[in-house]
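>>> Structure of the sequence below:
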Amino acid sequence: QVQLTESGGGLVQTGGSLRVSCAASARTFSTYAVAWFRQSPGKEREFVAGVTRSGNNTYYADSVKGRFTISRDNAKNTVYLQMNSLKPEDTAVYYCAAGPPIIMTLTRAYDYWGQGTQVTVSS
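The predicted structure follows:
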């Protein structure tokens, strides 16, 4: 069992930056690929970015490519999402998820989810 806790969300202006973190409870965290998803009101939860178990490879949704960077520190059992050049359409609750051995973009591939952290980008 893995417990995930997100932090670092908040309110930022258009063009600003924010970093959200996902801390995991289990030492087995490094055996899972980890992804960030987001969900805004009335929309389905969507894949944002994923990182492999080692942290050597990443994958991004087209909407955030070049603006967001996902990384992980397995020694700290933590995954980060650095968000730059934020836009109002990035406003959502951001969730981290873990479970599969490789990066997957479908929500059903992930067994463990955090409670989410709100990111709001004002125009």
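
>>> Restricting to C-alpha, output stretch 57-70 in CSV.
Output of stretch 57-70 as CSV, limited to C-alpha atoms (Å, rounded to 0.1, in the frame of the first residue of the first chain):
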residue,chain,number,x,y,z
ASN,A,57,12.5,9.2,-18.8
THR,A,58,9.5,11.4,-18.8
TYR,A,59,6.4,11.9,-20.9
TYR,A,60,4.1,14.9,-21.2
ALA,A,61,0.7,15.8,-22.6
ASP,A,62,1.0,18.1,-25.6
SER,A,63,-0.8,20.9,-23.7
VAL,A,64,2.0,21.2,-21.1
LYS,A,65,5.0,20.1,-23.1
GLY,A,66,7.8,22.7,-22.9
ARG,A,67,6.2,24.4,-19.8
PHE,A,68,6.0,21.7,-17.2
THR,A,69,8.8,19.4,-15.9
ILE,A,70,8.3,16.3,-13.9
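
>>> How far away from the center of its chain is it?
10 Å (Cα atoms, centre = their mean, to the nearest Å).

>>> what residues does it touch?
34, 36, 46-52, 71, 79-86, 89-90, 103, 105 (Cβ atoms under 8 Å, 6 or more residues apart in numbering). No exception for glycine: its C-beta is placed from N, CA and C like everyone else's.

>>> show me where this protein has strands.
Ranges of strands in the chain, per DSSP state E, are 4-7, 10-13, 18-24, 34-39, 46-51, 58-60, 68-73, 78-83, 92-98, 112-113, 117-122.

>>> Next, format those strands as JSON lines and append mean neighbour count.
Output for the strands of the chain, formatted as JSON lines (neighbours: other Cβ atoms under 10 Å):
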{"stretch": "strand 4-7", "mean neighbour count": "18"}
{"stretch": "strand 10-13", "mean neighbour count": "13"}
{"stretch": "strand 18-24", "mean neighbour count": "20"}
{"stretch": "strand 34-39", "mean neighbour count": "24"}
{"stretch": "strand 46-51", "mean neighbour count": "22"}
{"stretch": "strand 58-60", "mean neighbour count": "17"}
{"stretch": "strand 68-73", "mean neighbour count": "18"}
{"stretch": "strand 78-83", "mean neighbour count": "22"}
{"stretch": "strand 92-98", "mean neighbour count": "24"}
{"stretch": "strand 112-113", "mean neighbour count": "18"}
{"stretch": "strand 117-122", "mean neighbour count": "17"}
